[in-house]
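Q: how would this look folded up:
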Amino acid sequence: MKKSELIELVKNRAHVTGMAGVSAAQCDRIIQALCEVIKDEVSRGGDVRLPGLGSFRAVHVAERPGRNPATGEEITIAAKTRVAFNAAESFRVAVNR
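A: You can find the predicted model right below:
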């Protein structure tokens, strides 16, 4: 799904949450703001929990040995922080229907 399609779906469902008449531009700004809040919080090491959807958190991955697939040479893969998403139970159930 493209962002424009997501915006249109959110706009069309906004009336369910008592937000009838919300424009596509307003939905776009809300979605952008939500993404920024999630990025900011997770980058600071916090968790973001969205009931019914899931939670985002930062996870540290330690330095580890690896192998260059092209040459077979042993290398060291640098430590990094990755983003983990754990789906909420209701989300997993909906996907597996």
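Q: Could you use CA atoms for every contact and neighbour count after this?
A: Fine.
Q: and residue 75, bridged to which residues?
A: Beta bridges link residue 75 to residue 66 when assigned by DSSP bridges.
Q: Just confirm residue 72 is within a strand.
A: No. Counting by DSSP: H, G, I helix; E, B strand; the rest coil, residue 72 is not found in a strand; it is coil.
Q: residues contacting the nearest residue to residue 74 once chain neighbours are set aside?
A: Among residues not flanking residue 74 along the chain, residue 67 sits closest, at 4.5 Å (C-alpha to C-alpha, 6 or more residues apart in numbering). Contacts were defined as C-alpha atoms under 8 Å, 6 or more residues apart in numbering; by that measure residue 67 touches 73-76.
Q: try residue 74
A: Counted by C-alpha under 8 Å, 6+ apart, residue 74 has contacts 65-68.
Q: Show me the two of these that sit farthest apart.
A: 65 and 68 (10.2 Å; C-alpha to C-alpha).
Q: quick one: common contacting residues for these two?
A: Joint contacts of residue 65 and residue 68 (C-alpha under 8 Å, 6+ apart) are 74-75.
Q: which helix of the chain spans the most residues?
A: helix 24-43 (DSSP state H).
Q: Not counting the next helix or strand after that one itself, show me its contacts.
A: Reading on from helix 24-43 to the C-terminus, the next helix or strand found by DSSP states H and E is strand 48-50. If you take C-alpha under 8 Å, 6+ apart as the criterion, strand 48-50 is touched by 38, 41-42, 55-57.
Q: Going through these, which ones are buried?
A: Buried subset of these (neighbour count, 16 or more other C-alpha atoms under 10 Å): 38, 42, 55-57.
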